[in-house]
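**Student:** What would the 3D arrangement of this be:
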Amino acid sequence: MVDEHVKLVPIANVGRIMKQILPPTAKISKEAKETMQECASEFISFVTGEASDKCHKENRRTVNGDDICWALSSLGFDNYAEAMLRYLYKLRDFERQRAANHNKGSNNVDDEEDNTDDEEAATESDQKQVPLEFNVMERVGRSN
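**Tutor:** Residues are numbered from 1 along each chain as shown. Next up is the predicted model:
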């Protein structure tokens, strides 16, 4: 039997997300964090279960981002599905650019010292382009 706490989203992450949306002077009780932790975990399980069922019907063993977006949409969370699709596309584009930058630096074996500098610069550049800057709340909850 799996312990109940193993299935829950980490409470520190829940608290951090809650603090981002509230005024800086707001306080959050432990009970509020625990309630949100349970709700978020249940929501994730619900959506993941739907995506997993789809994969099972298609004889696939791996759930991917597209499956999660499909599940959100099929469960009536169209606004969330749209936001997640935009995020997913941004993430994939970011990963392609990072791979291209990494491959560019490793193609020139003759300039090994220069590549080290280029890789450090590329790493710094990648950190500035972190895709997590995406604002999920920009369309969620708005009516079309």
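
**Student:** List the buried residues of the helix or strand containing residue 104.
**Tutor:** Assigned by DSSP states H and E, residue 104 falls within helix 78-107. The neighbour-count check on helix 78-107 (16 or more other CB atoms under 10 Å) flags 79-88, 94, 98, 101, 105 as buried. In short, each C-beta sits where N, CA and C put it, glycine included.

**Student:** So for it, mean pLDDT?
**Tutor:** On average, the pLDDT along helix 78-107 is 90.

**Student:** Next one: residue 38 relative to residue 16, how far apart?
**Tutor:** The gap separating residue 38 from residue 16 is 17 Å, by CB to CB, to the nearest Å.

**Student:** State the three-state secondary structure for the closest residue to residue 77 other than its chain neighbours.
**Tutor:** Once flanking residues are discounted, residue 77 sits nearest to residue 47: 7.7 Å by CB to CB, 6 or more residues apart in numbering. The three-state assignment at residue 47 reads helix, by DSSP: H, G, I helix; E, B strand; the rest coil.
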